[in-house]
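In: I would like the atomic coordinates for the input below:
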Amino acid sequence: MDGWAPFDIEERDSDVIEDDFLSYCDDLEGPLIVVNSTSFDEDQGPFFVEASRLVDFVKAFPTRVRDYFMYASVIVVSPVTGFVIVVQDDGYIVKVRGNAIMVMQDKLGEK
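Out: Numbering: from 1, shown residues only. Purely as a prediction, here's the structure:
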């Protein structure tokens, strides 16, 4: 399992788990596609979150949506950076980088 690292989402404190997960997301930019167990509920679907608001989104998730954000597997896709972060509910995490498919408007002038 190249690149996968142990990542327990059951035995540790929920704040510690969220903080550990968010540390993997530090370099994400722009709009994110976020899928977790709640995304499969009929009244939810995937979430679209600005990277700069991800911490607030995760920490307020139980109040604003329902359930604990890291209840089961989580996938975060960053089209701007090309990063995909996957947390499996069996206790592993991976961060892979593909090709970015989107350019932020404020970065267009830099090219």
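In: how far is the lowest-mean-pLDDT helix or strand in the chain from where the chain is centred?
Out: Sorting the helices and strands of the chain by mean pLDDT, DSSP states H and E puts helix 54-64 at the bottom, at a mean of 91. Remark: helix 54-64 is offset 12 Å from the chain centroid, using C-alpha atoms, centre = their mean, to the nearest Å.
In: which residues sit against it?
Out: Counting by C-beta atoms under 8 Å, 6 or more residues apart in numbering, helix 54-64 makes contact with 18, 21-22, 25, 28, 32, 34, 47, 49, 67-69, 76, all of which sit outside it. (Glycine included, C-beta is placed from N, CA and C.)
In: In PyMOL, how would I select the buried members of those?
Out: With 16 or more other C-beta atoms under 10 Å as the criterion, this PyMOL line picks the buried residues out of the contacts of helix 54-64:
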select buried, resi 18+21+25+28+32+34+47+49+68+69+76
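In: Identify those among the contacts of helix 54-64 that sit within strands.
Out: Taking DSSP state E, the ones among the contacts of helix 54-64 that sit in strands are L32, V34, F47, V49, V76.
In: Beta-bridge partners for the residue nearest to the spatial centre of the chain, please?
Out: Nearest residue to the geometric centre of the chain (C-alpha atoms, centre = their mean): V76, 3.5 Å. Each beta-bridge partner of V76 is listed here: V34, I85, as defined by DSSP bridges.
In: show me what contacts it?
Out: Taking C-beta under 8 Å, 6+ apart, we find V76 in contact with C25, L28, L32, I33, V34, V35, L54, F83, V84, I85.
In: what's the answer for G98, then?
Out: With contact taken as C-beta under 8 Å, 6+ apart, G98 is in contact with G82, F83, V84.
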